[in-house]
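the following block contains a protein sequence and its predicted model.
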Protein chains: 2
Amino acid sequence: MQVKALVFDVFGTVVDWRGTVSRILAESNELSEDWIAFAEEWRAGYSTRTVQTAQTGQGTLNVDTMHREILDEMLSSPRWSHLGKTWDEDKRAEMNLAWHKLDGWRDSSEGLYELKKRFIIATLSNGNVRLLVDMAKHANLPWDTVFSGELLGSYKPNPKTYLGAAHHLALPPSEVAMVAAHIKDLRAAASFGLKTIYVRRPTEDSAEERAAVKTKEEGGEVDLVVDSFLDIIPAIDGRK
Amino acid sequence: MQVKALVFDVFGTVVDWRGTVSRILAESNELSEDWIAFAEEWRAGYSTRTVQTAQTGQGTLNVDTMHREILDEMLSSPRWSHLGKTWDEDKRAEMNLAWHKLDGWRDSSEGLYELKKRFIIATLSNGNVRLLVDMAKHANLPWDTVFSGELLGSYKPNPKTYLGAAHHLALPPSEVAMVAAHIKDLRAAASFGLKTIYVRRPTEDSAEERAAVKTKEEGGEVDLVVDSFLDIIPAIDGRK
């Protein structure tokens, strides 16, 4: 696998959105709420909307704006309207920034520093630039550059994202590997010619999906499967 | 000056294009040529074309492509056609990459590491992303992210560049400072509301221009004047 650049999905692959968002919400609010459920509903709204926008071109390309729209809708819904009555503008703006402060997985920072010595490493995230830059400073993620959906003109899985990143890196797609904990992201990347590295993260994809992902050598569909960013270089070298 | 991000001109401000390009050319070719003149003619072609494209929208937004077009024209011109007869495709492609390997000024890397602790630091260069990423790895420039003309849809001094960077950083222009060794770049940045930091570099702008640049406090037009990136934080703190 002769790749020169690795581009990373971020939410879930590099950082623990569920754990961090629910913790930040719990720390600033009543502990008795189910903040995991709150974070998951917020995230589900994001997943639905980014795919819709990728397909139709309708809707904001800025994830901060999108997160806030979803938050406001949630706070008007029956399940969370008791919070909506007390969360004013400042509170909503502050909670919306939880997504800028996500913690990396245990191997993320150290793994990226190692990978950066051999490859160009960049985000390829639907998140907006400021969100990704704030997160990189918070979690010590040494990106060579930040590619975001808004910069590239659409969200994943629109081809503008995968092919835009390859274009700006001046590489053929076959010399760029997409790194993600979501098989759908890798299927889209592969369909546009990128190489694919699947990272099993305990809370991303279902247990069944994670177990089913195999490398091409094993008769599966991705180029590599790893459990940590620290395993990527050994896995690449092992295949040579 | 309450800025949250610093965006940097790169060629001349962060790296020594004249010294590095002429050295790389001299190392791979006849020493008897005037490689400084060659580098300056190449750079002059770039300066003319980027301004034209910023104004008209005509021409490539990729600086690697532009550098190659100018190189090919130079090698067909009377002054350099003796080189053009022997430089084949591979040689031209190799020489074109000299612009990816520019050396930082003595204070650049250390200064950026210091500034990165307090500010978001990003390129705001006409150079393409791959060129800027390769240069950052070569010269150890720890950008938080890379903004390029091609990514933002035009070259400086088009407003898409200055205002695009501020937009993607989710900051009002007044909270972003442009750092450059070229007063024209800062005049354009200021006209769109950015703060301005002028760095005197011995080979950028004319000696008269450099001497004439003053801060607003001194009756001039920029916010700060420094001789090194290491002087930026003391200068900002001194103004408080």
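Yes, it's here. The structure presented is a predicted model; accordingly, all values stated were derived computationally and were not measured. Residues are numbered from 1 along each chain as shown, chains lettered A, B, ... in the order given.

what's residue A:124 in contact with, if anything?
Neighbouring residues of residue A:124 by C-beta atoms under 8 Å, 6 or more residues apart in numbering or on different chains: A:7, A:8, A:9, A:147, A:156, A:161, A:162, A:165, A:178. The way it works is simple: take the backbone N, C-alpha and C, and place the C-beta from them, glycine included.

any chance of these in TSV, with distance to residue B:53 and secondary structure too?
Conversion of the contacts of residue A:124 to TSV gives the following (distance: C-beta to C-beta, whole Å; DSSP: H, G, I helix; E, B strand; the rest coil):
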residue	distance to residue B:53	secondary structure
A:7	28	strand
A:8	32	strand
A:9	34	coil
A:147	23	strand
A:156	30	coil
A:161	25	helix
A:162	27	helix
A:165	23	helix
A:178	32	strand
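
out of the residues you listed, who's the most crowded?
The residue in the contacts of residue A:124 with the most neighbours, by other C-beta atoms under 10 Å in any protein chain shown, is residue A:178 (30 neighbours).

mind checking the SS state of the closest residue in space to that one that isn't next to it in sequence?
Residue nearest to residue A:178 in three dimensions, not counting chain neighbours: residue A:189, with 3.6 Å by C-beta to C-beta, 6 or more residues apart in numbering or on different chains. The three-state assignment at residue A:189 reads helix, by DSSP: H, G, I helix; E, B strand; the rest coil.

residue A:189 against residue A:197, yeah?
No - contact between residue A:189 and residue A:197 fails when scored by C-beta atoms under 8 Å: they sit 9.7 Å apart.

tally of neighbours for the residue nearest to residue A:178?
Neighbours around residue A:189, by other C-beta under 10 Å: 31.

and for the one 3 residues further on?
Here the number of neighbours of residue A:192 (other C-beta under 10 Å) works out to 17.

one step back: quick one, what contacts the residue nearest to residue A:178?
Taking C-beta under 8 Å, 6+ apart as the test, what residue A:189 contacts is A:162, A:178, A:180, A:196.

mind putting those residues into TSV with pLDDT?
Putting the contacts of residue A:189 into TSV (pLDDT from 0 to 100) gives the following:
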residue	pLDDT
A:162	98
A:178	98
A:180	98
A:196	98
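
all helices in chain A, in order from the N-terminus.
Taking DSSP state H as the test, the helices found in chain A are A:17-28, A:35-56, A:63-76, A:81-84, A:89-96, A:108-118, A:129-139, A:149-152, A:159-168, A:183-191, A:207-212, A:232-239.

to residue B:223, which of the ones you listed lies closest?
Residue B:223 lies closest to helix A:129-139 among the helices of chain A, at 22.4 Å (C-beta to C-beta).

could I have that closest one exported to PDB, CA atoms only?
Provided in PDB are the C-alpha atoms of helix A:129-139 (Å, rounded to 0.1, in the frame of the first residue of the first chain):
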ATOM      1  CA  VAL A 129     -12.400  24.400  10.300                       C
ATOM      2  CA  ARG A 130     -12.600  26.200  13.600                       C
ATOM      3  CA  LEU A 131     -14.200  23.300  15.300                       C
ATOM      4  CA  LEU A 132     -11.400  21.000  14.100                       C
ATOM      5  CA  VAL A 133      -8.600  23.500  14.900                       C
ATOM      6  CA  ASP A 134     -10.000  24.000  18.500                       C
ATOM      7  CA  MET A 135     -10.200  20.200  18.900                       C
ATOM      8  CA  ALA A 136      -6.700  19.700  17.600                       C
ATOM      9  CA  LYS A 137      -5.400  22.100  20.200                       C
ATOM     10  CA  HIS A 138      -7.500  20.500  22.900                       C
ATOM     11  CA  ALA A 139      -6.500  16.900  22.100                       C
END
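
so, in contact with chain B or not, that helix?
Yes - using C-beta under 8 Å from any C-beta of the partner chain, helix A:129-139 reaches chain B at A:129, A:130, A:132, A:133, A:136, A:137.

quick one: mean pLDDT over that helix.
The average pLDDT within helix A:129-139 is 98.

any idea of the angle that helix forms with helix A:89-96?
Angle, helix A:129-139 to helix A:89-96, by axes from the mean of the first three to the mean of the last three C-alpha atoms, to 10 degrees: 70 degrees.

and helix A:129-139, what does it pack onto?
Secondary-structure packing of helix A:129-139 (3 or more C-beta pairs under 8 Å, 6 or more residues apart in numbering or on different chains; DSSP states H and E): helix A:63-76, strand A:145-148, strand B:120-125, strand B:145-148.

what residues does the lowest-mean-pLDDT helix or strand in chain A touch?
Least confident element among the helices and strands of chain A, by mean pLDDT, DSSP states H and E: helix A:232-239 (a mean of 91). Outside of helix A:232-239, the residues within contact range by C-beta under 8 Å, 6+ apart are A:1, A:3, A:6, A:111, A:114, A:115, A:118, A:179, A:197, A:217, A:224, A:226.

so what pLDDT did the fourth one get?
This points to residue A:111. 98.

so it sits against residue A:230, correct?
Yes - the pair residue A:111 and residue A:230 qualifies as a contact (C-beta under 8 Å) at a distance of 4.9 Å.

the more surrounded of those two?
Taking other C-beta under 10 Å, residue A:111 and residue A:230 do not tie; residue A:111 has more neighbours (24 against 15).

what sits against the more buried one?
Residue A:111 neighbours (C-beta under 8 Å, 6+ apart): A:228, A:229, A:230, A:232.

please pick the buried ones from these.
A:229, A:232 (16 or more other C-beta atoms under 10 Å in any protein chain shown).

tabulate the contacts of residue A:111 in TSV, adding columns for distance to residue B:124.
Putting these into TSV (distance: C-beta to C-beta, whole Å) gives the following:
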residue	distance to residue B:124
A:228	35
A:229	30
A:230	34
A:232	32
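
can you list the buried residues in stretch A:135-148?
Those buried within stretch A:135-148 under the rule 16+ other C-beta under 10 Å are A:135, A:136, A:139, A:141, A:143, A:144, A:145, A:146, A:147, A:148.

roughly how far apart are residue A:156 and chain B?
Distance, residue A:156 to chain B, using C-beta to the nearest C-beta, to the nearest Å: 17 Å.
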